[in-house]
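Trainee: sequence plus the predicted model coming up.
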Amino acid sequence: QVQLVESGGGLVQAGDSLRLSCAASGRTSSIYAMGWFRQAPGKDREFVARIRWNNGMTYYSDSVKGRFTISRDNAKNTVYLQMNSLKPEDTAVYYCASGSYSSIYPRDYDNWGQGTQVTVSS
């Protein structure tokens with residue numbers, strides 16, 4: 001089992017930046033990829049970005065490409081999501097997740113954090 005704890009959310013204005021962190025503990029040797037997802041009220045959970053744990057290869061949704069950057073620090077077992085040029089439509093609860101293979105679908109991830117709220121005002 002892998003435990004994930006997110007941090008770094010908050011209330012910002014449009015155009016601002018935030019960096020989310022997700023610290024992993026437990027059976028971290030089983031992690032193949034980690035992803036960030038988000039869920040706005042009344043909407044399905046949406047893929048944001050993912051990173052392969054061994055080689056750092058990344059993939060982004062079209063809605064955040066060019067504005068968000070996912071990275072990892074293997075020594076700290078931590079994945080980050082740097083969010084720049086934030087927009088009101090980025091407002092959501094952001095979740096990190098770990099999985100045994102790379103995917104953009106929530107169903108393919110085994111472990112989830114508790115989520116952190118990001119609110120972007122216009």
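Mentor: Everything's here; your move. Numbering: from 1, shown residues only.
Trainee: help me confirm that Gln114 comes into contact with Glu6.
Mentor: Yes: if you go by Cβ atoms under 8 Å, Gln114 and Glu6 touch, sitting 6.7 Å apart. Just so you know, the C-beta spots here come from the backbone N, C-alpha and C atoms, and that holds for glycine as well.
Trainee: so where do the strands sit in this structure?
Mentor: 2-7, 10-13, 18-26, 33-39, 46-52, 58-60, 68-73, 78-83, 92-99, 111-112, 116-121 (DSSP state E).
Trainee: give me the most central residue, the chain.
Mentor: The centre of the chain sits closest to Trp36, judged by Cα atoms, centre = their mean, with a distance of 2.3 Å.
Trainee: for Ser122, see how far away it is.
Mentor: 23 Å (Cβ to Cβ, to the nearest Å).
Trainee: pLDDT below threshold where in the chain?
Mentor: For the chain, no stretch is flagged by pLDDT under 70.
Trainee: coming back round to it: anything in contact with each of Gln114 and Glu6?
Mentor: Tyr95 (Cβ atoms under 8 Å, 6 or more residues apart in numbering).
Trainee: higher neighbour count, the two?
Mentor: Shown here are Gln114 and Glu6; by other Cβ atoms under 10 Å, Glu6 has more neighbours (22 against 10).
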